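1. take this sequence and fold it.
(chains A, B and C)
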Amino acid sequence: MSVAAVETARETEADLVASGVRKAFGGVVAVDNASITVSESRISGLIGPNGAGKSTLLSILSGFLRPDAGTVRLGELDVARRGPATAARHGLIRTFQAAAPVRSLSVGDNVLLGMHLRFTGGPLAVLLRTPTMRAQERQARGEVAALLEDIGLSDLQDVDAGRLTFGQLRFLEIARALAARPRLLLLDEPTAGLNTVESDRLTALITSISGRGVGLLVVDHNVPFLFAICDRITVMNYGSIIAEGPPSEIETDPAVREAYLGTERIVEVAQAE
Amino acid sequence: MTIVIAIGIATGCVYALVGIGFSLIYRTTGIVNFAQGVFVALGGMSAYWLTSVKDWPYALALVAAVGLSALAGLALWLLVVLPLWRRGAEQVSVLMATLVAGALATALLQKWLGSQPRTLPEWIAGLRLKLPGGSITGQYALVVIATVVLVVVLAAFLRWSTLGRSMRACAASRETAALLGISPERIGALAMMLSAALGGLAGILIAPAQYTATDATVYGIFGFVAAVLGGFGTLIGPVIGGIVVGLVQAFVGRYGNVEYETLTVFALLLILMTFRPQGILGSQWSDH
Amino acid sequence: MRRLATTAHALLALYRPLIVAATIVAVVVIPIGGSRLWIYNMLNVAIFALPVIGLAVITGRAGQVSFAQTTFMAIGGYGIAIFTTRLGWNAWLGLFLSALIAAAAAVVIGLPMLRLRGHYLAMGTFALALGTTSFALAATFLTGGSIGISGVPALEIGSVSFFDQRNAYFLCWAFVALGLVVHALLYRSYVGRAWRAVALREDVAASLGVNNQWFKVLAFTIAAVMASVAGSLYVSITSYVSPDLYDAGVGVNLFVMLFIGGRATLFGPVVGAAIVTLGPQVFSGIAEWQNIIFLTILLVVILFLPNGLLGGGAPVPRLRQWLPTALPRKDVAA
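-> Model (predicted):
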């Protein structure tokens, strides 16, 4: 088993750093001694066969699961202990594997939900209709239109979210996450179920998000997609991290090939499609 | 004091039977049937009607009463629960529907048989239980014996018979069971009929010792409490829960203030629900 | 048969605004020209509409099934009775303090209780409701036991006494209007969006920074205050409080009112309260069967109108639901 060189870049305060994370469910060890860093302005990928522990690791990274051992820190914040809502307040947002719109709310309202943290008054401010609250609501609604335009869902703004197609839901998910102004964004299998046109749109979107300074961790099965956009890729197998490094290194890593990639060159395969 | 314990355990067994009914339906279909208490009334009162009004032989009336309860359960399943279940209706809707259906059934029962409490003859006439402090009707012993027998039979049935295993499959996962060729709807109907029969049985068991009436909400509520206390999806749980409820009720009623009987039971329940909602024997629940 | 159901449903959709308008007209017109009986009836509707609006907030919006409204109504009712008859305080003060106590109780009870989900929360709050009646019956030193407390003074503003039912009518409907406004304002804000997320996907809510517990307790407390105020109003108007005002049947009724009106609508609680309160009167001619007929209609509504009279968007339930699945379905390829 060969492990690619660990990233030597200095960890900044804004990084999400997981180290030595372990999680077992009953007798099954889902994640074993995993360490990973998500930095702003970089796109990191996480790949591995089904059951490798990627989703579990993502849930731990975002504060939804508590690891049995190890730490997950976002700067000073102990994400594992404080939970996802607190992590969100510090700029860590995640999306969900199965599209999760809030039905009975419109597309626009779903995006507004993403802006939850901007409304600083309490319920009393809402009832008294304070100028601050009214201004916040007005500004938020203004941004919704712009955001939906960026994503490409603007003509669906007032549609009930439950009526969207699968592909549209995926983009709504991202729009909603963006509305929360993340510093770090964790995407859980964003390309699953998308056709090639949508995948391309997604690639462009992710690149643009990264360009704005947001740090991304993308968990996915679509290897050509990840190889194209990621700066660094982490590979998991059976709960352990077996490789980490830039795509070019990962592609040729023998352990990774044996576990996951097979022996064809990724670029060749991608070009053949 | 022994008498108090004995009566407490016996009434506890009645609650246990109702509670097992709750548990069974919940495990198999994920539904809480708030109309469970009605079957207790139906069992007792129909037995009364068959013996007093229709002059049936007692044993036959008892069997018929349980059968009637089972049929009522089937009716409830087909007319109320199934349409909602098929539609994938929310838990709240099913809850409401069973509540209203129960109220309706009670109203109909009262129309038919009035609201006067009745009693039934002892199953074994003249049987007394001699205890230090006095003697009580042997019916109480019969209640406990019947409950024990029933629990054993049910446990065996669920464990070893094909039908029982099908029920456990449905309890674990409706979809998977369907994939295996088990019809969750038929199993649900069976579970409902079984629960109803248990309720009816509880009614005819306790009537000779205490009474039967068209409004048996009390039994429904305490049976419910028994199930929650003991563990809402288990078989033995409601038995333990029922005995706890029965004993608490008996002791508080005898040595404390009668009015505090019910309150103590609910206070106990509230405390338990806050700190251990899965009950004494239940395991950590997951969303059904 | 199916076409009949679809037509009925479509008609209902068309007349939804009409139902709302009719109710509002009735509320406004009755105190002017209506008989004492009708004023009394609509007064009762208002008293029950208020806790149902609260229920709409906690169960309809935030998705937490709560049978605890009767507990808070009892706090309001017994609170005002005790503060006025035992301590001799002003009735308005009694109402206000009871509401405060109800709010505090909601937080204390809600924090542990609202960690429960689905059925367990329903069971827990149901146990609470039953325990409330038990407590009211048992704690004679405080509540007067089954006898209750009588001689509760009416609320007054200057020379206007709200013991007079015409005056009370305006007061109660004013509170209902206030309740509706509170519900609407909150629901249309970030609070309402958070509630919807809490009701449907707590994980998504958390991922976006929503503190799920806090919003549940908030909804629970708002519902509690509304229930408490309604409880206080009722006791102050009738001058009497007793345990059977708050038995389990009342709690169930509140739910039925919510369901019939439409649990995801703003005005639904009022319509629901009107139907359940006034409904039995419509059948009073056949007194013996009135209860049964009414319950049957309720059951039918629950089965066929999942979103209540004012709710929309649900598919028309098909009669096919009652057919055994063994029969081959035409739309499924053999």
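2. okay, now the unreliable bits of the stretch 1-150 of chain C?
-> C:1-2, C:4-5, C:8-9, C:12-13 (pLDDT under 70).
3. buried set for stretch A:39-52?
-> A:39-40, A:42-48, A:52 (16 or more other Cβ atoms under 10 Å in any protein chain shown). All C-beta spots, glycine's among them, are computed from the backbone N, C-alpha and C.
4. where does the stretch 151-273 of chain A get nearest to chain C, which residue?
-> A:Ala180 (5.4 Å; Cβ to the nearest Cβ).
5. kindly report the same for the stretch 151-288 of chain B.
-> Of all residues in the stretch 151-288 of chain B, B:Phe266 sits closest to chain C, at 3.4 Å by Cβ to the nearest Cβ.
6. what helix or strand does C:Ala102 sit in?
-> Using DSSP states H and E, C:Ala102 sits in helix C:91-113.
7. cool, and A:Ala98?
-> Here A:Ala98 is assigned to no helix or strand, by DSSP H and E.
8. A:Val29 too?
-> Assigned by DSSP H and E, A:Val29 falls in strand A:28-38.
9. and that strand, anywhere near chain C?
-> No: judged by Cβ under 8 Å from any Cβ of the partner chain, strand A:28-38 and chain C are separated, with a smallest distance of 15.4 Å.
10. got the contact list for the residue of chain A most remote from its centre?
-> When distances are taken from the C-alpha mean of chain A, A:Leu128 lies farthest, 37.2 Å away, according to Cα atoms, centre = their mean. For A:Leu128, no contacting residues are found, by Cβ atoms under 8 Å, 6 or more residues apart in numbering or on different chains.
11. can you check what pLDDT the model gives it?
-> On the pLDDT scale, A:Leu128 is placed at 91.
12. how close does it sit to A:Gly122?
-> A:Leu128 sits 10 Å away from A:Gly122, going by Cβ to Cβ, to the nearest Å.
13. and for A:Ser35?
-> On the measure of Cβ to Cβ, A:Ser35 and A:Gly122 end up 40 Å apart.
14. quick one, which of those two is more surrounded?
-> A:Ser35 (15 against 11; other Cβ atoms under 10 Å in any protein chain shown).
15. pLDDT score for that one?
-> Looking at A:Ser35, the pLDDT reads 92.
16. the nearest residue to it once chain neighbours are set aside and A:Glu244, how far apart?
-> The spatially closest residue to A:Ser35, leaving aside those adjacent along the chain, is A:Ser19, at 4.6 Å (Cβ to Cβ, 6 or more residues apart in numbering or on different chains). Per Cβ to Cβ, A:Ser19 is found 13 Å from A:Glu244.
17. and those two? which has more neighbours close in?
-> The residue with more neighbours, out of A:Ser19 and A:Glu244, is A:Glu244; 24 against 13, by other Cβ under 10 Å.
18. would you say that one is within a strand?
-> Yes: looking at A:Glu244 with DSSP: H, G, I helix; E, B strand; the rest coil, it is inside a strand.
19. isn't it right up against A:Cys230?
-> No: using Cβ atoms under 8 Å, A:Glu244 makes no contact with A:Cys230, being 11.4 Å away.
20. and the helices in the stretch 101-250 of chain B, which stretches?
-> B:139-160, B:162-172, B:174-179, B:184-206, B:217-230, B:237-255 (DSSP state H, counting those that start in this stretch).
21. per-residue pLDDT, C:Ser284?
-> Reported pLDDT for C:Ser284: 67.
22. all helices of the chain, in order?
-> Picking chain A for this. A:54-61, A:79-82, A:84-89, A:107-114, A:123-128, A:131-151, A:166-179, A:196-211, A:223-229, A:247-252, A:254-256, A:266-272 (DSSP state H).
23. could you do chain C instead?
-> According to DSSP H, the helices that chain C contains are C:2-33, C:36-55, C:69-81, C:91-113, C:118-138, C:140-143, C:165-187, C:190-200, C:202-207, C:212-238, C:248-261, C:268-282, C:287-304.
24. out of these, which gets nearest to A:Gly26?
-> Nearest to A:Gly26 among these is helix C:202-207; the distance by Cβ to Cβ comes to 21.7 Å.
25. hmm, the closest one in reach of chain A?
-> Yes: contact of helix C:202-207 with chain A (Cβ under 8 Å from any Cβ) involves C:203-207.
26. could you pull out the buried residues of that helix?
-> Result for helix C:202-207 [16+ other Cβ under 10 Å]: buried residues C:202-207.
27. what do you get for stretch A:250-261?
-> By 16+ other Cβ under 10 Å, the buried positions in stretch A:250-261 come out as A:250-251, A:253, A:255-257, A:259-261.
28. and what of stretch C:89-101?
-> By 16+ other Cβ under 10 Å, the buried positions in stretch C:89-101 come out as C:91, C:94-99, C:101.
29. sort the buried residues of stretch A:250-261 by pLDDT and name the bottom one.
-> For these, the pLDDT minimum is A:Leu261, 67.
30. could you check the pLDDT of the single nearest residue of the stretch 101-250 of chain C relative to chain A?
-> Minimum separation of the stretch 101-250 of chain C from chain A (Cβ to the nearest Cβ) falls at C:Gly209, amounting to 3.6 Å. On the pLDDT scale, C:Gly209 is placed at 93.
31. spatially nearest residue to it, not counting backbone neighbours?
-> A:Ala88 (3.6 Å).
32. which residues does that neighbour contact?
-> So A:Ala88 contacts A:117, A:180, C:206-209 (Cβ under 8 Å, 6+ apart).
33. closest to chain B among those residues?
-> Of all the contacts of A:Ala88, chain B sits closest to C:Ala206, with 15.9 Å by Cβ to the nearest Cβ.
34. can you give me every residue that contacts that closest one?
-> A:64, A:83-85, A:88, C:212.
35. neighbours of the residue of the stretch 151-273 of chain A closest to chain C, how many?
-> Counted with other Cβ under 10 Å, residues neighbouring A:Ala180 total 22.
36. before we move on, the earlier item: mind putting the buried residues of stretch A:250-261 into TSV with distance to A:Ala146?
-> Converted to TSV, those look like this (distance: Cβ to Cβ, whole Å):
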residue	distance to A:Ala146
A:Ile250	37
A:Glu251	38
A:Asp253	42
A:Ala255	45
A:Val256	41
A:Arg257	44
A:Ala259	43
A:Tyr260	40
A:Leu261	40
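37. what strand or helix carries the residue nearest to B:Leu247 when sequence neighbours are not counted?
-> Using Cβ to Cβ, 6+ apart and skipping the chain neighbours, the partner closest in space to B:Leu247 is B:Gly8 (3.9 Å). B:Gly8 belongs to helix B:2-29 when elements are defined using DSSP H and E.
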